[in-house]
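Asks: Predicted model and sequence below, questions to follow.
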Amino acid sequence: MYYYLFILAIAAERLVELAVSQRNTKWSLAQGGKEFGRDHYPAMVSMHALLLVSCVVETWTFARPFVPWLGWPMLAVVVLSTVVRWRCVSVLGKRWNPRLIVIPGSPLVRDGLYRWVRHPNYAAVAAEVAALPLVHSAWLTAIVFSVANALVLSVRIRAENAALGLA
């Protein structure tokens, strides 16, 4: 039961992200921003929504137990990855968006975690996608969605690097 509430809290957090994204999209487009990678964005959104559904379905269907030695560390990974993702949002400010919008002439962000890692947000997302299902030992979901996320991110990172002139 607590796991389902946790998934619901993650879903609520995603809705907050979408609200921030919509606000930032309007601002970025008003600044002359150009959107790239529209073709992969729906797949990315669908994958993240289905991850939450799959976490619930697998734990309920297969009566996956909470295994403390696995669940607690994975919960810590999810919390830490969420903190890292929101730190990335904070550093990027109005330029953060899950959509790929680039404002021409805008300098590349090299503050915060971006000083050391080119894509810290994606590293945090990868950790979260693997860890969230494992909080309640939904290992099938962890495997399937980690692979799906790797495929989506390989497309996304190539598109982002090209849009930013890093390719």
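Replies: It's in.
Asks: how distant is stretch 43-53 from the center of its chain?
Replies: 10 Å (CA atoms, centre = their mean, to the nearest Å).
Asks: Which residues outside it are in contact with it?
Replies: Contacting residues not belonging to stretch 43-53 are listed as 7, 10-11, 14, 98, 129, 132-133, 141, 145, 148-149, 152, 156 [CB atoms under 8 Å, 6 or more residues apart in numbering]. C-beta: built from backbone N, CA, C; applies to glycine.
Asks: Pull out the buried positions in that stretch.
Replies: 44, 47-48, 51-52 (16 or more other CB atoms under 10 Å).
Asks: Now go through these and say which are in helices.
Replies: Counting by DSSP state H, those place 44, 47-48, 51-52 in helices.
Asks: Let's have the residues you listed in a markdown table, adding pLDDT.
Replies: As requested, those are arranged in a markdown table below (pLDDT from 0 to 100):
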| residue | pLDDT |
| --- | --- |
| Met44 | 93 |
| Met47 | 96 |
| His48 | 96 |
| Leu51 | 98 |
| Leu52 | 98 |
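Asks: export these to JSON lines and tack on distance to Asn161?
Replies: Formatted as JSON lines, these follow (distance: CB to CB, whole Å):
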{"residue": "Met44", "distance to Asn161": "16"}
{"residue": "Met47", "distance to Asn161": "20"}
{"residue": "His48", "distance to Asn161": "21"}
{"residue": "Leu51", "distance to Asn161": "24"}
{"residue": "Leu52", "distance to Asn161": "28"}
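Asks: from those residues, which is closest to Pro107?
Replies: Met44 (25.4 Å; CB to CB).
Asks: how close does that closest one get to Pro98?
Replies: 7 Å (CB to CB, to the nearest Å).
Asks: What of Val147?
Replies: Val147 sits 20 Å away from Pro98, going by CB to CB.
Asks: neighbour count winner among these two?
Replies: More crowded of Val147 and Pro98, by other CB atoms under 10 Å: Pro98, with 19 against 11.
Asks: which residues does that one contact?
Replies: Pro98 touches 17, 21, 41, 44-45, counting by CB under 8 Å, 6+ apart.
Asks: re the thing from before, kindly reformat the contacts of stretch 43-53 as a markdown table containing distance to Gly71 and pLDDT.
Replies: Output for the contacts of stretch 43-53, formatted as a markdown table (distance: CB to CB, whole Å; pLDDT from 0 to 100):
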| residue | distance to Gly71 | pLDDT |
| --- | --- | --- |
| Ile7 | 13 | 98 |
| Ile10 | 15 | 97 |
| Ala11 | 19 | 97 |
| Arg14 | 21 | 95 |
| Pro98 | 28 | 92 |
| Val129 | 16 | 98 |
| Leu132 | 11 | 98 |
| Pro133 | 11 | 98 |
| Thr141 | 14 | 98 |
| Phe145 | 17 | 98 |
| Ala148 | 22 | 97 |
| Asn149 | 21 | 97 |
| Val152 | 26 | 95 |
| Arg156 | 29 | 94 |
